[in-house]
Structures are given as C-alpha cells and as structure tokens.
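Enquirer: No sequence on hand, only this structure:
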C-alpha cells in the first residue's frame, strides 16, 4: 500500500532541477570524479611505516597538559575494568580482545606517539637525527685527518 502511494506520487510530480541528456550525464560524471579524487587526496598513505607529523607548540602543550593525563586515566580505568571483567571474558574466550580494547589501545595512544601528534606510532626522527650527526662527525674527522692544520 505504501509502495503504491509512493509510486503514484513519483509519477505525478515532475523532477525539479534534473537534466537529461549529455549535459546532465557529464555533470554527474564530473561530480562523481571530484568526490572520488577528494577521498584519495585526503587519505593518508596506507603503506606508511612511521608517523611523520610536525605538531606546533600549541599542539604539544595541549597534548602534554590535557591529552596525556586523560590517556593515563583511561589506561588505568581500562585496566581496572579489564580485571573486573576478566572472569567473564575468560569464560567467553575473548580475553585478548578485551585486553586490546580496554588496556592496550589507550596505552598505545598515551605512550607510543610523539608529543602533539595525533596518530600513534614511532616517528624515528631521533634515530635519523642521530645517524645524520654521526655521519657529519665522521666526515669532519676524516677531513681533519687528511688536512691537519698547523698551529
């Protein structure tokens, strides 16, 4: 009955603002292509192995004073909830899943990201800087050995 009344209404009322023909199809194709391009333009690299964010001082301060303490509390509360629910989750066979959700997830978000960053993970920035400094020192030492300066 509802289907019949909707069908009658769609036949009686003309479509407003629709174009038929090549111009309408081109517009729809361009709109679909634009939407698809915007999805791929805003999606981060899926194969990215390290986090490469550059937070500003405001983001770092907010993270230090607000987000990290909240994350620490959420980790503690999640740990307590995990311990309370452990007998039930053990019977259901989902201990690993509850541990991941209640304890490991908040702990990863709290402790395994750079200060001010949003995505958890290692950035390896310190490792890269250390390797660069070692290479620079080795190059300086090599040039000093090759060309000693008299005093």
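Expert: It's in. Only a predicted model underlies this, so the values are computations on that prediction, with no experimental measurement involved. Numbering: from 1, shown residues only.
Enquirer: What are the buried residues along the helix ranked longest in the chain?
Expert: Using DSSP state H to define each element, the chain has its longest helix at helix 68-92. Of the residues in helix 68-92, those with enough neighbours to count as buried (16 or more other Cβ atoms under 10 Å) are 68, 71, 74, 75, 78, 79, 82, 89. Any C-beta I mention is one placed from the backbone N, CA and C, and that applies to glycine too.
Enquirer: a markdown table for these, including distance to residue 143 and pLDDT?
Expert: A markdown table is the format used below for the buried residues of helix 68-92 (distance: Cβ to Cβ, whole Å; pLDDT from 0 to 100):
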| residue | distance to residue 143 | pLDDT |
| --- | --- | --- |
| 68 | 44 | 93 |
| 71 | 47 | 94 |
| 74 | 53 | 96 |
| 75 | 50 | 95 |
| 78 | 55 | 96 |
| 79 | 55 | 96 |
| 82 | 58 | 96 |
| 89 | 63 | 94 |
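Enquirer: Relative to residue 145, which of these is nearest.
Expert: Nearest to residue 145 among the buried residues of helix 68-92, counting by Cβ to Cβ, is residue 68 at 46.7 Å.
Enquirer: what comes into contact with stretch 107-121?
Expert: Outside of stretch 107-121, the residues within contact range by Cβ atoms under 8 Å, 6 or more residues apart in numbering are 50-51, 53, 55-56, 59-60, 62-64, 68, 71-72, 74-75, 122-123, 125.
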